[in-house]
Structures are given as structure tokens and as C-alpha cells.
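# Dropping a prediction and its sequence here:
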There are 2 protein chains.
Amino acid sequence: MRYGALEAGGTKMVLAIMDDFGKIQESVSIPTRSPDDTMPEMISFFCGKGISSLGIGSFGPLDLNPASSSYGSVTESPKLSWRHFPLRQAFADNLGIPVEIDTDVNAAALAEYCLGAARGKESCLYVTVGTGIGGGLIIHGKPVHGLMHPEIGHILLLPHPEDPAPDGFCPYHHHCLEGLASGPAVEKRWGIPGRDLPADHPAWHLEAHYLAQLCVNAILTFSPEIIIMGGGIMQQKHLFPLIRKETIRLLNGYIPEFLFGDGMSAYIVEPGLGTASGITGAYLLSRGV
Amino acid sequence: MRYGALEAGGTKMVLAIMDDFGKIQESVSIPTRSPDDTMPEMISFFCGKGISSLGIGSFGPLDLNPASSSYGSVTESPKLSWRHFPLRQAFADNLGIPVEIDTDVNAAALAEYCLGAARGKESCLYVTVGTGIGGGLIIHGKPVHGLMHPEIGHILLLPHPEDPAPDGFCPYHHHCLEGLASGPAVEKRWGIPGRDLPADHPAWHLEAHYLAQLCVNAILTFSPEIIIMGGGIMQQKHLFPLIRKETIRLLNGYIPEFLFGDGMSAYIVEPGLGTASGITGAYLLSRGV
């Protein structure tokens, strides 16, 4: 059998045909333009490939209430041309096969949970830190959707006293995680993109401080068995030890370190699937996982 | 059949014998002293009552890892005489019946989920605001334990600019929820216990602000279908409309209000079981729920 997988991102769409073992047989990446421009190209890629189902991990927000008439549609996205676009339904109508959908981060979390760094755990938090900050949460073996799907990128943080831009850059809230620690926030604060900042630049201590606040918050709020951090900013691998150290400092002994099992370096980790978490998650959705 | 239920609190123990319908047949409340003083009294209450199992909702922290040799023991509690006491095992050994245990707040959340304000929902957060602040979380129909059980009372908040004691009173962290908004924090900040502060005192706007930060955090982090708030401080019923209003203000339009279904007054609510959530949850644990 063959399966279709779509990782629908704000800047590019990654499309793949995969086999029973999750091996990629064919894949393309196309820029994300408007639905009118992008959908026909995607439909034509998947058509005639003999896929029995399609899984989509998509940017959002999405309507993920299966009882809703707009289930699988994009909702109040800042990408205006996609707002209220019936993403799942458009593929189902055009391909005539079952289509499963979840957020990009939930798909990535699912992949890490089934096949990656969180294998064998009961719960995990997958966080992507890049153009935006998003989180996918698996608890009791299933992605968490709740009332609306969680938007962990917008939790409110305490600004660091040495932050030259303590309000952050989110248009909705002062002091929110994404406004303080996304890739664009780093670039706006220092006038230099993150990838060009040296590893000893103060930007990274500040970045680690804010991402550690996220980790502390997650540990105290739902206590995931592992936290996996991916995305463009996390390509700065030197951030990991800084985040782990700052998490311990902020917890200030309240959670004994031995509870983290094999220690912080096994608790706050890189994705086990590298940059393939998203497309692998879309594949797992196509398999009904 | 008859079942034993124990709501083990830091200041008192509530013990009950319940029937198949969850009706209380007999109940006593005794002060919480040391295990040496309190355990024999509790054992003697439950002995000879023909109960087939016991459920315990207990103060913590607890070891809730079923694979652990100290499963069901109190761990690093500030109540020193209970630290490392094998609470579950002591009852199992003395009564010779199955004993189930969870945190007091998870038990209360379970009761609200099965029989109270969260009936028919898929997830809920139960928060108690009193001497301490704790939260019990149900997701996908089951209590969340995670790596260590969550300690939502210690999430870090942004101090309010008009707070005369912006660091709060927690010995572990500045700015944490419990340190800013528990009953003792209210009393320390204003020099007057909460129950004696008039409804128009600025204390309540500050209290609502901090509890709204908790709600915003929960909504953005795991998006429960309902938030239930109980405990001593929440007996100040005028707090509810203030918290709802402040939650909407802090979200600042990021989560559209229509997503809250029947509105905020049906989203942030009092316990459906009143003050009986805890003992009812202990009963449900005894029934293997």
C-alpha cells in the first residue's frame, strides 16, 4: 500500500508518497502561496499515485472538532488567503480517499512519540522554535486538542531584567513566549538574524532563559515525560545545555533533579527524527495512528 | 457492597463509608497529626465495616509511579512526619483490601469529571485555591500524572504593577502562583485574612488577575474544556466574574470568545459537587474509576 503525507507550512508545503514501512518513495517541496495557486499543484502531485489515504500536519489554527461542519478547515490564520479554507475537505473531495488532519506540531509530536525521542514514554511535549513557536502535546498516548488546540507559543513569561526589548514583539500580548523568543523576535531585538549571532552572544542566554521558562511551565503544569525541541532556532545546538541549566535554576530545587530520571540531558532533547518529524507525523496520521 | 473513601488533607482527614450509589453511610473528620497518631485512628474507623476497597485522595507530593517500590508513599512533603510515609501500603497491609490512591486534586478533578461540572467533557482542570494552590488535570478521560505529578501552584506569573508585594511569599520562587495568590499570601500581603476583606477591597482585583493568568496559561498550554475552581478562597463568589473578565482581557482577542462555547460563565465555574468533590473522588478511586 502507498500513503500520502503533507506537511503544510506557512512558507512551504512538503508532499510525500510513503510505503508501508514509512519509507519515502517520492517527495516534493513547493512554496505556500494562496489556496487557488497551491491546491491544484498539490492535488496533481497526489493524483494517480495509488495512495489509499492522506495525512496532513498543517499550520493553523485549525478547526479540529470532528463534530464541527468546518472540521479540518483553517480558522483565524494570519495567512489571510487560507482563512476558513476547508483544507481537509478539499483533499477528500478531490482525491476521494480518507484524509486525516492535525496541527503540524501535533503531527511532529506524534512522530516523536511513536518513532523518535519519546518512544516508550506515556507523554511528551514537542516544541518548535522558529518563525513562530508552537507546541504539540501527547498525553495518555494521544494528541491533546482540548477546547481549541493549545497555543503554547503565547503563554505569558516574566521578562528578563537584562532584556533590551522586555515587552517582546507579539502584536497580541506583551511578554509572550513567541514575542520574546521566536526567530523574528531574536532578529528584531539584536538587529541580526539568529543564524549570524555567535554562540557567545548574550542573545543566547536570554533565549535559553525564555525557553527554560516554557519548560518549567510545562513541568509544573502537565509534567511531560520528555520535552523535545526542534525548529530553526534549535539548530543552534549550544542552546540545549543552556536551557537545561536554566530550567534547573528556575525550578530552584522544587522538583528534585532525580525525578528527571536519566537527568536533564535526557529530558530536554533534540528531535529523534531530526527534521523529518513533521512529514513522518503526517504519514502516521494517514495510517490512522 | 460498601467502599471506603479517605480525603487526606494537610489539616484534616475526612473518612467515609459509601454505598454502591456513592451515598455516604457514615463519615468522620479527624485532625491530621503525625502518622503514628493518625493512622491507628483511621485504620480503626475502616476496620470491620465490610468495605471491599479503599480510595484515597491525598495531599502530596506522592509517588504515583505504579512501577516504583514506594508507589503510593508521600515523598518530599513539607509535613515532615509524613515524608516518605507509605500511605497506600499502610492501609493495604492493615485492611487487607485493594487500595487506590491519587492526589487530592486529581481525585476532585475525577469526581467533577464523572459526576460534577465537567460531566460530558473530554478534559477538565480542577483548581483549589486555599492554604495552597493545586490543580488536578483530566485529559482523554484520565488523570494526568506525567513524570512527576504536576504542581501547577508553582507556575511563574507576571507580578501586577500595583501589587504591594510583587515577589509573593513562596520559599522556593519569586512570583509563583501560590506565593502570590494562596490564602496565606492574601493574608500576609494585606494583614487581614481573605474572609475578612470586603468584596470591594483591591485584594480581589489582584487575586482575580493572578488566577486569570493561571486560566490563560491553562487555555494556551493544554486547552481544557472547562476550568473548575474550588477551595477556601473561591468561597468569595464575587471572584468568579472578575476572573472571567480578566481572562478575556489577558487573552486580548487571541482566542476568539465564541470558542468558549456557552461563554466564560460556563467555562470558569464553581465545583458542581460543592465541597464534596474530594471525598467523591476518593470514592470513585475505590471503585476503580
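Perfect, thanks for sending it.
# Which residue is the nearest non-sequential neighbour of the residue in the stretch 51-200 of chain A positioned nearest to chain B?
Nearest residue of the stretch 51-200 of chain A to chain B: residue A:146, at 2.8 Å (C-beta to the nearest C-beta). For every residue, glycine as well, the C-beta is placed using N, CA and C. Spatial nearest neighbour of residue A:146, chain neighbours left out: residue B:223 (2.8 Å); criterion: C-beta to C-beta, 6 or more residues apart in numbering or on different chains.
# residues from the stretch 1-150 of chain A in reach of chain B?
Proximity of the stretch 1-150 of chain A to chain B (C-beta under 8 Å from any C-beta of the partner chain) is limited to residues A:76, A:122-123, A:135, A:137, A:139-140, A:142, A:144-150.
# still on that earlier bit, got the phi/psi numbers for the residue nearest to residue A:146?
phi 50, psi 60 (degrees, to the nearest 10).
# for chain A, what spans make up the helices?
For chain A, helices defined by DSSP state H occupy the ranges A:35-46, A:87-95, A:104-115, A:177-181, A:183-190, A:202-221, A:239-251, A:277-286.
# Could you export the ones you listed as CSV, including mean pLDDT?
Converted to CSV, the helices of chain A look like this (pLDDT from 0 to 100):
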stretch, mean pLDDT
helix A:35-46, 97
helix A:87-95, 98
helix A:104-115, 97
helix A:177-181, 96
helix A:183-190, 97
helix A:202-221, 96
helix A:239-251, 95
helix A:277-286, 97
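# of those, which approaches residue B:91 most closely?
Among the helices of chain A, helix A:202-221 comes nearest to residue B:91, with 29.0 Å by C-beta to C-beta.
# list the helices and strands the closest one packs on?
strand A:124-129, helix A:177-181, helix A:183-190, strand A:227-230, helix A:239-251, helix B:202-221 (3 or more C-beta pairs under 8 Å, 6 or more residues apart in numbering or on different chains; DSSP states H and E).
# any idea how far the closest residue to chain B within the stretch 151-289 of chain A lies from residue B:135?
Closest contact between the stretch 151-289 of chain A and chain B, by C-beta to the nearest C-beta, is at residue A:223 (2.8 Å). Per C-beta to C-beta, to the nearest Å, residue A:223 is found 11 Å from residue B:135.
# neighbour-wise, which of the two wins?
Applying other C-beta atoms under 10 Å in any protein chain shown to residue A:223 and residue B:135 shows that residue B:135 carries more neighbours, namely 31 against 22.
# Just give the closest residue to that one, not the sequence neighbours.
Closest to residue B:135 by C-beta to C-beta, 6+ apart is residue B:152, at 3.6 Å.
# So which residues on the stretch 151-289 of chain A come close to chain B?
Looking at chain B, the residues of the stretch 151-289 of chain A close enough under C-beta under 8 Å from any C-beta are A:151-158, A:172-173, A:175, A:213, A:216-225, A:250, A:252-256, A:259-261, A:267.
# Which of those are buried? Put it as a PyMOL command.
Only the buried entries of these go into this PyMOL selection, using 16 or more other C-beta atoms under 10 Å in any protein chain shown:
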select buried, chain A and resi 151+152+153+154+155+156+157+158+173+175+213+216+217+218+219+220+221+222+223+224+225+250+254+255+259+260+267
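# Please identify every residue contacting each of residue A:223 and residue B:135.
residue B:150 (C-beta atoms under 8 Å, 6 or more residues apart in numbering or on different chains).
# most distant residue from the middle of chain A?
residue A:48 (30.3 Å; C-alpha atoms, centre = their mean).
# Distance of it relative to residue B:169?
Taking C-beta to C-beta, one finds residue A:48 at 67 Å from residue B:169.
# about what we covered before: list the ones among the residues of the stretch 1-150 of chain A next to chain B that fall in strands.
Judged by DSSP state E, the subset of those located in strands is A:135, A:137, A:139, A:142.
# most neighbours, which of those residues?
Going by other C-beta under 10 Å, residue A:135 tops these with 31 neighbours.
# check contacts around that residue.
A:105, A:109, A:125, A:126, A:127, A:128, A:150, A:152, A:153, A:218, B:221 are the contacts of residue A:135 under C-beta under 8 Å, 6+ apart.
# just checking, residue A:139 touches residue B:140?
Yes: with contacts counted by C-beta atoms under 8 Å, residue A:139 reaches residue B:140, the gap being 6.5 Å.
# Let me know the pLDDT of the residue nearest to residue B:135.
pLDDT recorded at residue B:152 is 92.
# Out of the helices and strands packed on helix A:202-221, which gets nearest to residue B:61?
helix A:239-251 (13.5 Å).
# Distance check, residue A:189 against residue A:204.
12 Å.
# Same question for residue A:34.
Taking C-beta to C-beta, one finds residue A:34 at 37 Å from residue A:204.
# Nothing else from me, thank you.
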